[in-house]
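> Sharing a sequence plus its predicted fold:
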Amino acid sequence: MPDLTYESPTERVLTWLDACTLHIRFNNPARHNALSVDMWEAVPPLLSLAETDDRVRLVVFSGAGEKAFVSGADISQFEDMRAAKEAVTRYEHMAENALMSILNFSKPTLSCIRGYCIGGGVNVAISCDIRIAASDSVFSIPAARLGLGYRYSAMKNLVDLIGPGAAKDLFFTARKIDAAEAHALGLVLRVCEPAQLPALLAEYTAAMAANAPLTIRAAKAITAEILKPSPELDLAMCQQLIRGCFDSADYAEGRKAFMEKRKPVFTGK
């Protein structure tokens, strides 16, 4: 049963506290746990509570059912939330706020992945410290098939994790990869048979319960300092490039083709 302290504001996000582990489960199985607006918005306040709760030593993200961790954005809200320029700004801010709340959380976070981990699902996973996956998992970043602009923070997380070559490969081709290739690339750290995933997760929950919290938090904070960007970073240019994607005819075509379930025809305009 969900712990009342961490009662979720939406039925599409389930929460419960098990010993020293806070579980946050994306619960939109009819849409393969695609992230709706209320699901994005539920994450930051839950993590804010966990930040100051001494009971919590680990936060685990998972997806309801066996078919998907997160399959991307909720298609039913795609036109409403990402079509108009104002909606794009709101949606991107909302997603960024949720992902940065995971990335900046001072305690360990873990993504327990089974099934589809697509688009926003990959972003959630790579915002976490640790990723474990069942062997039937499938990964993809399909932004180039939609004409989407991709945030600097999400690209940096991906490049930091798997390197620029592998990141470009996945991003430019938008191809799907299986758990074995994801493991080889470093996108996930450990892979097991689906039936063994609860036992593998239990290894981590037990370790976080036994190990020194201050030592772990110090290691996480120092790692973040090591990975800070160069002072030569042109963030304004990055933001302009992203905005150019969302303002383009290609983005309108990608969005329309997505809703019509056909291949888009891009012109680079």
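Ah, there it is.

> what about the nearest residue to Val265 once chain neighbours are set aside, neighbour count?
Counting by CB to CB, 6 or more residues apart in numbering, Glu253 is the residue found nearest to Val265 once chain neighbours are left out, at 6.4 Å. Every residue, glycine included, has its C-beta placed from N, CA and C. By the measure other CB atoms under 10 Å, the count of residues near Glu253 is 17.

> Just read off the phi/psi values of Glu253.
The phi and psi values for Glu253, taken as degrees, to the nearest 10, are phi -70, psi -40.

> Quick check: it vs Glu260, distance?
Here Glu253 is placed at a distance of 10 Å from Glu260 (CB to CB, to the nearest Å).

> which residue packs closest to Asp136, ignoring adjacent ones?
Pro194 is the one closest to Asp136 (CB to CB, 6+ apart), at 5.6 Å.

> Would you mind writing the CA trace of stretch 92-103 as CSV?
Output in CSV follows, covering the C-alpha atoms of stretch 92-103 (Å, rounded to 0.1, in the frame of the first residue of the first chain):
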residue,chain,number,x,y,z
GLU,A,92,9.8,21.6,-22.1
HIS,A,93,10.0,23.5,-18.8
MET,A,94,7.8,20.9,-17.1
ALA,A,95,9.9,17.9,-18.4
GLU,A,96,13.2,19.7,-17.7
ASN,A,97,12.0,20.4,-14.1
ALA,A,98,11.1,16.8,-13.5
LEU,A,99,14.4,15.4,-15.0
MET,A,100,16.6,18.0,-13.2
SER,A,101,14.8,17.1,-9.9
ILE,A,102,16.0,13.5,-10.5
LEU,A,103,19.5,14.5,-11.6
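
> that older thread, roughly how far apart are the residue nearest to Asp136 and Gly65?
From Pro194 to Gly65 the distance is 12 Å (CB to CB).

> Report the central residue of this protein.
Geometric centre of the chain, nearest residue: Val124, 1.2 Å, by CA atoms, centre = their mean.

> That residue reaches Ser101, doesn't it?
No - counting by CB atoms under 8 Å, Val124 sits too far from Ser101 to count as a contact (10.9 Å).

> How many residues are close by Arg31?
17.

> correction: Ala133
Neighbours of Ala133 using other CB under 10 Å come to 30.

> so is it in a helix, a strand, or just coil?
Here Ala133 is strand, with the state taken from DSSP: H, G, I helix; E, B strand; the rest coil.

> contacting residues around it?
Cys112, Ile113, Arg114, Cys117, Ala179, Ala182, His183, Val188, Arg190, Val191, Leu197 (CB atoms under 8 Å, 6 or more residues apart in numbering).
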